[in-house]
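Need coordinates for the below:
(2 chains)
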Amino acid sequence: MKAIRMLCTLVSCLVVPLGMAFLSEGGSPPISDEAAIAAYAKAAKALQIEQDGEKPIVSKAEARTSEFTTRVGSVRKVRSRVLSVDVDACSGKIVSVQNEQAWERSNARAKTALEEGKGNGPTRTPKQVIDAAENYCRTLGQNLTPDLGFRLMGYDNKQGMWSLGWARYVNGYVFDEEGISIHIEDQTGDLVLYSNWVTQIACNTDVRVPKDKALAIARDYMSKILPKLVQNQPFKFDQVEEPELWIVYVNDFFKRVEARVEAWVEGTAPPEQLLPSPEELVPPRARLVYTIRFNFWYIGKERVNINREGRATIWVDAANGEIVGGLM
Amino acid sequence: MPSRSHLSAFVIHRSHLSAFVIHSSFVLRISSFPGPPRPSGTIPHWSAKVAKEAKAYAANTWWFSWLGHAAEMKGLIDNLGYTTLEEEPPTKASAIAAAPGRFVWYSLSHGGTDKNDRFVCLCFGRWDNDLLYPKDLPADLHYTLVFLNGCTSASGDGGAFANAFGAEAYVGWLHSIDNPVAKGFAVYFMEALKGHKTVGQAVTAAVNKFPVGSLAYQQVVFSIKILRGANVVVDLSPETP
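Residues are numbered from 1 along each chain as shown, chains lettered A, B, ... in the order given. Prediction:
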């Protein structure tokens, strides 16, 4: 038995780093240092940044997570004093660029403007900014195809910077965790920050579960899981906001929460849970879900008049009614 | 609810290049509170920190969702030149005992609210039952940065916590916030403090790490608040050439 455990530990030690390294799009082996530096050079050229002989530092493959912390790939980070570029560890695609000089310059200019009580732009029209952003996208290897919908634009006069966002849409449904962000310095038009979460991951968009049924599934689940989460203290919960159909990465959030709560109650929280679970090592799966949001309140053991307010969003698969994750 | 002036920050369109108008700019709300009272004649905090070991604190109470978060934050704060005590989960007693003599405080926890949903305490302990109020903290604390990463921690008694910690800089949330967003923001924020960036710069950098227009981005932009100390520098690590 002990030998089997040791073997399992050994296998997990090998599988975890290898799994993370191979997780990205395509599942091919990680790109070489040279390929990562070539991507960095491409980004430097797109931003017209002189490299002045400094050799950038390349990291090992590191996990990349979505905004809701699903592990969606791995990157190799290439860093110099003037430019930081994250490169998809398998495909070599540029997924993030930060222009350190533009960031410093923008901060310094904003500080001066604040101290002198002066305005800080904007000096460009939105059309000019969008044109510049599209051009940066193209030169960094990402065309703004019709499935990428323009989502939001804003100007921050405290920073002298524009922010633009696109999201991926599949058959008209937004994929909130997949999109492109660009931040552009107003004075110079230089790119400050570029982030690209867009993949080619497929998603079925069939809706076979009616909204009412999805709501009933979510409410039923909330009434089952909440007593565990609040240790059977008095609680109440309300559904808030209309359910929406969104595409998400499956994150099995509540399955993990339940497992950890049970382990905690029994006093057997295993150290293995600190490691990524096997599910986290497979390529992410996308689903069209109803996002159903609840607020809940509980009083706690001390019986003092203090609320512990929480919020929970449950994702119900629109095709089969399965709970595939959520947020809390 | 976000303020009207804040809402006007956003121009949301789904059709590419449709006509739109730029409203007033969005800004992270930075209000200036008077700094904590300091006894006269004390050594400036900066000198004290560099002369001795600079201690910090990182705690995570939401153990069921993010095991290991305290350790992750400890690594990031240590990277700023501090020696950080991590607790996961902390109790009220352990947190109070750890409070004196430190310069950075980070905790991920529920924010306990009163009947009017005003933030009044932190919920520590195994089942969030150890309620920590500002009055529970020892006197004479002088923190450089306090980030109470929990729902509504910049509303209600957020200012009272800032005073109790003697905080030069205090960062919190105006509204409820989803756990992954709170966790992600904390990581981005601590990373962004590196390089002697100010708290205000690091908050902006952290906000910009979220996909513009996404649900998480909107939560962060509408809710993150620097109650005081936007110009404070937390990083103690040596200057890089």
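
mind listing the helices in chain B by residue range?
B:4-7, B:45-51, B:69-78, B:92-98, B:158-164, B:179-193, B:199-208, B:215-223 (DSSP state H).

do chain A as well
For chain A, applying DSSP H gives helices covering A:2-21, A:33-46, A:100-115, A:126-139, A:211-229, A:253-265.

contacts for the fourth one?
Here helix A:126-139 makes contact (Cβ atoms under 8 Å, 6 or more residues apart in numbering or on different chains) with A:45-47, A:143-144, A:150, A:153, A:162, A:164, A:180, A:182, A:184, A:186, A:189, A:191, A:194, B:11, B:17, B:20, B:22. For every residue, glycine as well, the C-beta is placed using N, CA and C.

mind checking how far the closest residue to chain A within chain B is from residue A:258?
Relative to chain A, the nearest point of chain B is residue B:212 (2.9 Å; Cβ to the nearest Cβ). Going from residue B:212 to residue A:258 by Cβ to Cβ, to the nearest Å gives 34 Å.

for residue A:92, same thing?
From residue A:92 to residue A:258 the distance is 39 Å (Cβ to Cβ).

For these two, indicate the residue with more neighbours.
residue A:92 (20 against 15; other Cβ atoms under 10 Å in any protein chain shown).

What are the phi and psi values at the nearest residue to residue A:152 once chain neighbours are set aside?
Once flanking residues are discounted, residue A:152 sits nearest to residue B:213: 3.3 Å by Cβ to Cβ, 6 or more residues apart in numbering or on different chains. Taking degrees, to the nearest 10, you get phi 90, psi -10 for the backbone angles of residue B:213.

which residues sit in contact with the residue positioned nearest the centre of chain B?
Central residue of chain B (Cα atoms, centre = their mean): residue B:147, 2.4 Å from the mean position. Residue B:147 makes contact with B:105-107, B:170-172, B:186, B:189, according to Cβ under 8 Å, 6+ apart.

What does the pLDDT read for the residue of the stretch 101-250 of chain A at minimum distance from chain B?
Closest contact between the stretch 101-250 of chain A and chain B, by Cβ to the nearest Cβ, is at residue A:165 (2.9 Å). With respect to pLDDT, residue A:165 has a value of 95.

for it, which residues make a bridge with it?
Beta-bridge partners recorded for residue A:165 (DSSP bridges): residue A:152, residue A:181.

ok, how many other residues are close to it?
Residue A:165 has 24 nearby residues by other Cβ under 10 Å.

Kindly report the same for residue A:55.
8.

OK, contacts around it?
Residue A:55 neighbours (Cβ under 8 Å, 6+ apart): residue A:80.

Same check on residue A:192?
Applying Cβ under 8 Å, 6+ apart, the residues contacting residue A:192 are A:98-99, A:102-103, A:106, A:161, A:183-185.

one more time with 7 Å, if that's ok
A:99, A:102-103, A:106, A:161, A:183-185 (Cβ atoms under 7 Å, 6 or more residues apart in numbering or on different chains).

residue ranges with poor pLDDT in chain A?
By pLDDT under 70, the weakly predicted segments of chain A are A:1-29, A:264, A:268-282, A:299-309.

Give me the subset of the contacts of helix A:126-139 that lies in strands.
Among the contacts of helix A:126-139, the members falling in strands (DSSP state E) are A:150, A:153, A:162, A:164, A:180, A:182, A:184, A:191, A:194, B:11.

okay, those residues in JSON lines with distance to residue B:91 next?
Supplementary listing: the ones in strands among the contacts of helix A:126-139 in JSON lines, determined by distance: Cβ to Cβ, whole Å:
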{"residue": "A:150", "distance to residue B:91": "49"}
{"residue": "A:153", "distance to residue B:91": "46"}
{"residue": "A:162", "distance to residue B:91": "46"}
{"residue": "A:164", "distance to residue B:91": "46"}
{"residue": "A:180", "distance to residue B:91": "44"}
{"residue": "A:182", "distance to residue B:91": "45"}
{"residue": "A:184", "distance to residue B:91": "47"}
{"residue": "A:191", "distance to residue B:91": "47"}
{"residue": "A:194", "distance to residue B:91": "44"}
{"residue": "B:11", "distance to residue B:91": "47"}
